[in-house]
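> Pasting the sequence and the predicted model now:
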Amino acid sequence: MGRRLVSVLAAIAISLVGLPAEAATRPTLSLTVSKPTVQVGTSYQLRGQLKPARAGITVTRLLLQEGSWLVDGTTRTNARGQWTMR
């Protein structure tokens, strides 16, 4: 599970479709994990914030499995740029 979780966390990606290319501030995406260690079969939560804030931006969690990246979950940012994923 350790390697799988590292792959998931390393591959959190953001789709910035819809953000203007000439944006004055380069967007950043933060990530916080609810537990420092995750055991097989237990749940955890990922959360973060997009700055500058923008609602409706897709955050995608990718999983590296057998050499291929697979979509393992998606969510969208709220009006404050915050996102949560279980």
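Right, received. Where do you want to start?
> Assumed Trp83 was part of a strand.
Yes. With DSSP: H, G, I helix; E, B strand; the rest coil as the criterion, Trp83 is part of a strand.
> pretty sure it is touching Thr75, no?
Yes. Under the contact definition of Cβ atoms under 8 Å, Trp83 touches Thr75, with a separation of 5.1 Å. The C-beta positions use only the backbone N, C-alpha and C, and glycine is treated the same way.
> Pro27: neighbour count?
When neighbours are defined as other Cβ atoms under 10 Å, Pro27 has 15 of them.
> So which of Trp83 and Thr75 has more stuff around it?
Taking neighbours as other Cβ under 10 Å, Trp83 and Thr75 compare with Trp83 leading, 23 against 16.
> Any idea what the more buried one is bridged to?
On the basis of DSSP bridges, Trp83 takes part in beta bridges with Gly48.
> which residues does it contact?
Contact analysis of Trp83 by Cβ atoms under 8 Å, 6 or more residues apart in numbering lists Arg47, Gly48, Gln49, Leu50, Val59, Thr75, Arg76, Thr77.
> what do you get if the cut-off is 10 Å, keeping everything else the same?
By Cβ atoms under 10 Å, 6 or more residues apart in numbering, the contact list for Trp83 reads 12, 14, 29-31, 46-50, 57-59, 74-77.
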